[in-house]
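S.K.: pasted the sequence and its predicted model underneath.
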Amino acid sequence: MLFNSTVFLFWFLPIACVSYYVLGHLAGSSSAKMLLCVASFVFYGWWNPWFVLLLVGSIAFNYTLSLYLTGDDDAKPVEPWLFAAGIAANLLLLIYYKYLFHVLELLHALGWVRVDYGSVILPIGISFFTFTQIGYLVDCRQGLVRERNLLDYVLFVTFFPHLIAGPILHHREIMPQFANEATYRFRAENLAVGLTLFCAGLIKKVLLADSIAGWAEAGFVNPSGVPFINAWSTVLAYSMQLYFDFSGYSDMAIGLGIMFGVKLPLNFNSPYKSTSIIDFWQRWHMTLTRYLTLLLYNPTALWIARIRQARGYAVNRQAASTPGGFATMIVVPTAFTMFLAGIWHGAGFQFIVYGLLHAAYLSLNHAWRIIRPPSPASEKFSRATAISISWRMLLTYNAVLVAQVYFRANSTADAGSLLAGMIGLHGAGFPLPVPLGTLQVLGPVGNFLLDSHTATVGLRSAYNDLTRPLFMNSLVTVGLGVIAFGTPNVYQMLNKWSPALSKIKLQATTRWLTWEPSWPSAIAVGMLLSIATLFFDRTGRFLYFQF
């Protein structure tokens, strides 16, 4: 079921929300939890009911394993084996659905296997509910879990706002909220804030992201020979589509959570305003960054530090500034983590390149910080000029753009072809109307202008037919860029009401951009929702559903 659908907005959501609070008031929290679990299973199974069995099986397996990992001392001798088996089983499930058939298809294409094994339908959200449960098992193994209530665990995994595209939840953030009786008591403030945030996300999806989706997708379908202007137009359009699509989903998920009295972690915080790649990953898919840091980067860095200590090498910050220390203590865990992050996003080689590109970016960023440590905040804002901040933002954004080409392209060859167009190897792509006589006088230069699509022969109307779609879509992209780079995000506008678990730094905003619960706000939300519903028939799935 999609958030941006009539059945969700006018049937599922109001019935689930009203029933949830009525049961919470009349029958207590346990009944409200059960209803929310059932609603979440219905939500997940709407697209393919058979996958509910997969979800139930995953929950049953991981919860049973967690009981052993948090049980009495009799299970201590076998806990390491149980834990390893549990992690392996979860990873094998991901490998089967996300990678196995892609690998077999590649081997078949190479002629290494004779049988074409076909493909398998990828269950929506399998990465997110699997990662959530792997994190829970890790915490069980480390003795950080005290809650063992089955109903709370099922709700923790299946809570529908986050189930199919995040945020990736941590049990210590959510379980206490499920255990709090106040969660199941209706509050008008929660409904107002949640609906406002949901509406903001819906508008981002159906009016902003989907407005540029067709142009962005067209450029990636056949990237061979795409000229300079068209290549940049395609990549910038996709960048804005991905930004508002993912930002919109994150807003809707957090808004839905607060409507049910549950605060979810912040997952998206104006990442294109980042002034470094490190800053970017602290703003983009924030719960994934946290997950990768805690479960991949930190253990790898700790393992390397122990090896260095055993060999008599230092592991302090000064050692990390030496070439050997930097390579082993920073580059290796960064490359390992981002390599796996790339694989998590998809099975093609282009996703590996995507991950390794960001590993290189992050390593260079860390090296730069060693060479030129950042100034204290008090000095940074007094000395930094608008030009220097804009330059760092532009540099960061362009690095992200290059990686996003691999993130979206169907293959590394397609990505390379589009990047070649971006540096002008396929011509300019902006045909200027030049009289035939002038081109003939220019001779070889005129032929080059024609071959590179820099010039065209014909009337002004022909020129308009060629350039109008490019101009209009570029204009839309520029408008979306102004919003992404130049306006406060919705969490800054709602910061006073703290819709997410963590607040963000509040930048100066004009009074009319600061949200307050009022009748004008309610009317504005209602109007925007009404407008958004007019575009439901033209919208598609969220981009992150495929992960």
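M.R.: Happy to help now that I have it.
S.K.: shouldn't Y238 be within a strand?
M.R.: No: according to DSSP: H, G, I helix; E, B strand; the rest coil, the state of Y238 is helix, so it is not within a strand.
S.K.: hmm, it is touching R408, no?
M.R.: Yes: contact criterion Cβ atoms under 8 Å: Y238 and R408 qualify, at 5.5 Å. Just so you know, the C-beta spots here come from the backbone N, C-alpha and C atoms, and that holds for glycine as well.
S.K.: please enumerate the shared neighbours of those two.
M.R.: Residues touching both Y238 and R408 by Cβ atoms under 8 Å, 6 or more residues apart in numbering: F220.
S.K.: of these two, who's got more company?
M.R.: In terms of neighbours (other Cβ atoms under 10 Å), Y238 is the more surrounded of Y238 and R408; the figures are 27 against 24.
S.K.: now the more buried one: how far from I423?
M.R.: Note on Y238: its distance to I423, by Cβ to Cβ, to the nearest Å, is 17 Å.
S.K.: count the residues that sit near the residue lying closest to V332 once chain neighbours are set aside.
M.R.: Distance criterion Cβ to Cβ, 6 or more residues apart in numbering; nearest residue to V332, sequence neighbours excluded, is I304 at 6.2 Å. By the criterion of other Cβ under 10 Å, I304 has 18 neighbours.
S.K.: list the contacts of I304.
M.R.: So I304 contacts 328-329, 332-333 (Cβ under 8 Å, 6+ apart).
S.K.: out of these, which is most surrounded?
M.R.: In terms of neighbours by other Cβ under 10 Å, those top out with M329 at 24 neighbours.
S.K.: who touches the host helix or strand of A359?
M.R.: Element membership for A359, per DSSP states H and E: helix 349-371. Residues outside helix 349-371 that contact it (Cβ under 8 Å, 6+ apart): 276-278, 281, 320-321, 326, 330-331, 334-335, 337-343, 345, 399, 402-404, 406-407, 409-412, 414-415.
S.K.: what mean pLDDT does that helix have?
M.R.: Helix 349-371 shows a mean pLDDT of 93.
S.K.: stretch 390-409 now?
M.R.: For stretch 390-409, the mean pLDDT works out to 94.
S.K.: hey, where'd the helices end up in the stretch 401-547 of the chain?
M.R.: Along the stretch 401-547 of the chain, the segments classed as helices by DSSP state H, counting those that start in this stretch run 412-422, 436-442, 444-451, 460-486, 490-493, 519-533.
S.K.: whoops, I mixed them up, the stretch 101-250 of the chain
M.R.: Going by DSSP H, counting those that start in this stretch, the stretch 101-250 of the chain shows helices at 101-110, 126-141, 150-158, 160-163, 171-179, 188-203, 210-221, 228-259.
S.K.: among those helices, which gets the worst mean confidence?
M.R.: Among those, helix 101-110 scores lowest, at a mean of 70.
S.K.: ok so, going back, output the helices of the stretch 101-250 of the chain in TSV; the columns should cover distance to L528.
M.R.: Output for the helices of the stretch 101-250 of the chain, formatted as TSV (distance: least, Cβ to Cβ, whole Å):
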stretch	distance to L528
helix 101-110	40
helix 126-141	28
helix 150-158	29
helix 160-163	20
helix 171-179	28
helix 188-203	5
helix 210-221	15
helix 228-259	13
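S.K.: so how far is stretch 317-329 from its chain's centroid?
M.R.: Remark: stretch 317-329 is offset 31 Å from the chain centroid, using Cα atoms, centre = their mean, to the nearest Å.
S.K.: just stretch 240-248 next, same as before
M.R.: So, by Cα atoms, centre = their mean, the centroid of stretch 240-248 is 9 Å from its chain's centroid.
S.K.: next one: stretch 332-339
M.R.: Worked out by Cα atoms, centre = their mean, stretch 332-339 lies 19 Å from the chain centre.
S.K.: one step back: make CSV out of the helices of the stretch 401-547 of the chain and add distance to V7 and mean pLDDT.
M.R.: Below are the helices of the stretch 401-547 of the chain laid out as CSV (distance: least, Cβ to Cβ, whole Å; pLDDT from 0 to 100):
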stretch, distance to V7, mean pLDDT
helix 412-422, 36, 92
helix 436-442, 58, 67
helix 444-451, 52, 70
helix 460-486, 28, 72
helix 490-493, 25, 86
helix 519-533, 12, 84
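S.K.: closest to I124 out of the ones you listed?
M.R.: The closest of the helices of the stretch 401-547 of the chain to I124 is helix 519-533. By Cβ to Cβ, the value is 21.9 Å.
S.K.: ok, which of the helices of the stretch 401-547 of the chain comes nearest N180?
M.R.: Closest among these, using Cβ to Cβ: helix 490-493, at 22.9 Å.
S.K.: pick out the residue nearest the middle of the protein.
M.R.: For the chain, the residue nearest the mean C-alpha position is H285 (4.5 Å; Cα atoms, centre = their mean).
S.K.: my guess is that one contacts S247. True?
M.R.: No: taking contacts as Cβ under 8 Å, H285 lies outside contact range of S247: 10.5 Å.
S.K.: overlap in contacts of these two?
M.R.: If you check H285 and S247 against Cβ under 8 Å, 6+ apart, the residues they both contact are F268.
S.K.: which ones are touching L501?
M.R.: 173, 263-266.
S.K.: apply 10 Å and report the result again.
M.R.: 167, 169-170, 173-174, 177, 254, 257, 262-266 (Cβ atoms under 10 Å, 6 or more residues apart in numbering).
S.K.: separation between the residue nearest to V332 and M329?
M.R.: 6 Å.
S.K.: give me the common contacts of the two.
M.R.: By Cβ under 10 Å, 6+ apart, the residues touching both I304 and M329 are V315.
S.K.: let me see the domain layout of the chain.
M.R.: Domain assignment for the chain, taken from automatic domain parsing, gives 6-186, 188-268+470-547, 277-422, 428-458.
S.K.: buried deepest among these, which one?
M.R.: Mean neighbours per residue, mean count of other Cβ atoms under 10 Å, is largest over the domains of the chain for domain 188-268+470-547, with a mean of 19.
S.K.: hmm, back to that, S530: which of the helices of the stretch 101-250 of the chain is closest?
M.R.: Nearest to S530 among the helices of the stretch 101-250 of the chain is helix 188-203; the distance by Cβ to Cβ comes to 10.2 Å.
S.K.: name the helices or strands packed onto that closest one?
M.R.: Contacts defined by 3 or more Cβ pairs under 10 Å, 6 or more residues apart in numbering; DSSP states H and E place helix 188-203 against helix 13-26, helix 228-259, helix 490-493, helix 519-533.
S.K.: tell me what the longest one is packed against?
M.R.: What it means is helix 228-259. helix 13-26, helix 160-163, helix 188-203, helix 210-221, helix 386-408, helix 412-422, helix 460-486, helix 490-493.
S.K.: what of the third one?
M.R.: In terms of contacts (3+ Cβ pairs under 10 Å, 6+ apart), helix 490-493 is packed against helix 188-203, helix 228-259.
S.K.: quick one: the shortest one to helix 13-26, angle?
M.R.: Relative orientation of helix 188-203 versus helix 13-26 (axes from the mean of the first three to the mean of the last three Cα atoms, to 10 degrees): 160 degrees.
S.K.: helix 188-203 to helix 228-259, inter-axis angle?
M.R.: With the same axes, to 10 degrees applied, the angle from helix 188-203 to helix 228-259 works out at 160 degrees.
S.K.: going forward, begin numbering at 252 instead of 1
M.R.: New numbering, starting at 252: the last item is helix 439-454.
S.K.: measure K524 to F449 for me?
M.R.: In terms of Cβ to Cβ, K524 sits 23 Å off from F449.
S.K.: wait, which of the helices and strands packed on helix 479-510 is closest to M778?
M.R.: Comparing the helices and strands packed on helix 479-510 by Cβ to Cβ, helix 439-454 comes nearest, at 9.5 Å.
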